Each structure stands twice: as structure tokens, then as C-alpha cells.
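>>> For reference, the sequence and a predicted model appear below.
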Amino acid sequence: MVSQEQRRRQLAREKFLRQQQRRTEARRKSRMRNSVIASVLGVVLVGSLALYTTGTLKQDDDKTNANAEVTPSAAPTSKAPDPCDKPAEGKVASQTWKKEPAVAIDKSAKYTLTLDTTCGEIDVALKASAAPHTVNSFDFLAKKGYFDHSKCHRLTTNGIYVLQCGDPTGTGTGGPGYTIPDENLKDKSLKDNTYPAGTVAMANTGQKDSGGSQFFLVYQDSQLPPSYTPFGTVSDAGMKVLKKIADAGESTGAGDGAPNATVVIDKATVTKS
């Protein structure tokens, strides 16, 4: 027969064993829980590192592409909204001529070139006495509708600051089929190889007497050799239109490309006063 003391000791021993079992089970569960947490944290950490690494490489790729497209001297630009209206309906001219038209203008009279563009009206006071062949050619081409519905295909925003127009093909390679002589290259406005803002001058191929129909409008003082016939000056109102076009930027981000603005000459007119 078990004495009361023995029974008490047995119960105490069983209680101790149960406590030990519970503690062992608790430690086992704790180890399992910690293992699961560690595994989850490991997955999260690895995932985070993967995302970080992928993001960094993507940014490096983006920077590489950007550097490939933007010259060091050109500041990054963002495309501004198009400030201009839709072009008028009509087709560009395709006619060309074999030789320069005979000079028929009055060299002593005042002539104005009006470019009715999708971005606004640009009036140009022409220098008939100083550049008679150039002004005569513009009078001839305008009357033929040569400039109508043509795009101004080039805007420069780095180094030189001009809007170039006058090519019905919109490629920068078109012309009327004839060339005109260089004129007025010693104009008093050209100082220190600078074409001042407001100047309108002829583009050329780089060769002497190679001007055709393409011309450029200077919206900010530009360093250029005196090799481009200056034949007109833009009005104050016209300069505001040019500034609006320039502020919209050009398409490449490198400072020389098609204007972001839709610059189309709906109608070009030369008037005598």
C-alpha cells in the first residue's frame, strides 16, 4: 500500500514531468516559429535585393540610352505642348524652274514678306535694294504659291538659334531648281560674325552662290560666318511668334531637329508699298 508521503512525491514527480514536457514542446514550437520567420525574412530580403538590383540596372540602362541620344553640350529638354493650330487644307508645290527669274522688282521700293503660319503671322521687312536677286526670287515664288502649305522643318536651340523654312519637301534638301547669288554679306547689322535676332537670311549648301528657296529666321543672336545673305528683318509681333515656336523646343533634345510646334506656312505673300 502506497503511503500518503509516497503518493505526494509521485504526484510532484508527475507534475514536474508534465512541466518539463510542456517546456520542451514550447521550445520546439518556438524554434519552428523562428525558423519560419527567418525563412520569410530571407525571401523578403532576397526579393528586395533582386528588385533593387533590377532597378539599378534599369536606371543605368536608361542613363546609357539618354547619354547616347543627348550631346554633352545640350541640356535635357521635355517636349512642351504644341502651341500652334492645325494647318490649312492644301498641298505643297512640286513645280521647279531651270533658271532664276529675271529681276522684275523695283529696287527702290519697300517690300514686305508676310508668312501666315499655323503659329501666327510673321511679317518681314525685305531689303530690296541690298539683296534684289533674293527679294525678287521670293516675290516670284510667293506668287507661284511655292511656299504655301510647306513646313518649317528645322529648329536649332543650341549654339545657333534659328527656325529654317522654305523647303516644300520638308526634308531640308528641296529647292526651286535654280540658285541665286549671295548678296549683302557686308550688311552693317552683321558684327563680330553675329546674325542678330530678327534677321532673315538665306540658307545654302556651303558653296558660293548656292542659295535657293530655303531661309532661316534668327530668334536669338547667333554666331555665324557672314556667308548667308541677310535679306529681311522680322517685325516685333513676328518675333513673339518665333519665341513661341522656340519655347516649344525641337524633337531630338540635342538642339537641332524638327520643331515640336507644328509650324506650317499656310500662305506666303510679298507686297510692295
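Yep, it's here.
>>> And the average pLDDT for stretch 231-238 is what?
Per-residue confidence for stretch 231-238 averages out to 98 on the pLDDT scale.
>>> which residues are contacting the one helix or strand Thr233 maps to?
Secondary structure assignment for Thr233, by DSSP states H and E: strand 230-234. Residues from elsewhere that reach strand 230-234 (CB atoms under 8 Å, 6 or more residues apart in numbering): 113, 122-127, 130-131, 134-135, 138, 183-185, 187, 189-190, 195, 198-202, 215, 217, 242. Using the backbone N, CA and C atoms, a C-beta is placed for each residue, glycine as well.
>>> Narrow those to those that are buried.
Burial of the contacts of strand 230-234 was assessed by neighbour count (16 or more other CB atoms under 10 Å); the buried members are 113, 122-127, 130-131, 134-135, 138, 183-184, 187, 190, 195, 198-202, 215, 217, 242.
>>> before we move on, back to that, may I see the buried residues of whichever helix or strand comes after the strand holding Thr233?
Along the chain past strand 230-234, the next helix or strand (assigned with DSSP H and E) turns out to be helix 236-247. Neighbour-count burial for helix 236-247, with 16+ other CB under 10 Å as criterion, is recorded at 238-239, 241-242, 244-246.
>>> Equivalent analysis for stretch 146-165, please.
Neighbour-count burial for stretch 146-165 [16+ other CB under 10 Å]: 146-157, 160-165.
>>> Next step: the residues you listed restricted to helices.
Cross-referencing the buried residues of stretch 146-165 against helices under DSSP state H gives no overlap.
>>> Which ones among those lie within strands?
150-151, 154-156, 162-165 (DSSP state E).
>>> coming back round to it: in strands, which of the contacts of strand 230-234 fall?
Assigned to strands by DSSP E, the following of the contacts of strand 230-234 qualify: 113, 122-126, 195, 199-202, 215, 217.
>>> now the buried residues of helix 236-247 as JSON lines including distance to Gly90?
Written out in JSON lines, the entries for the buried residues of helix 236-247 read as follows (distance: CB to CB, whole Å):
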{"residue": "Gly238", "distance to Gly90": "22"}
{"residue": "Met239", "distance to Gly90": "27"}
{"residue": "Val241", "distance to Gly90": "20"}
{"residue": "Leu242", "distance to Gly90": "23"}
{"residue": "Lys244", "distance to Gly90": "23"}
{"residue": "Ile245", "distance to Gly90": "21"}
{"residue": "Ala246", "distance to Gly90": "26"}
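>>> got any ranges where the chain has weak pLDDT?
Where the chain drops to pLDDT under 70, the residues are 1-80.
>>> export the strand ranked longest in it as PDB, just CAs?
As assigned by DSSP E, the longest strand anywhere in the chain is strand 264-272. Taking C-alpha atoms only, strand 264-272 is exported to PDB below (Å, rounded to 0.1, in the frame of the first residue of the first chain):
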ATOM      1  CA  VAL A 264       3.400  75.300 -91.400                       C
ATOM      2  CA  ILE A 265       3.300  78.300 -93.800                       C
ATOM      3  CA  ASP A 266      -0.400  78.400 -94.800                       C
ATOM      4  CA  LYS A 267       0.300  81.300 -97.100                       C
ATOM      5  CA  ALA A 268       3.300  83.400 -98.100                       C
ATOM      6  CA  THR A 269       2.700  86.800 -99.700                       C
ATOM      7  CA  VAL A 270       5.100  89.600-100.800                       C
ATOM      8  CA  THR A 271       3.600  93.000-101.000                       C
ATOM      9  CA  LYS A 272       5.000  96.300-102.300                       C
END
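>>> Straight-line length of stretch 259-270, end to end?
Using CA to CA, to the nearest Å, one end of stretch 259-270 lies 25 Å from the other.
>>> repeat for stretch 118-129
Separation of the first and last residues of stretch 118-129 by CA to CA is 30 Å.
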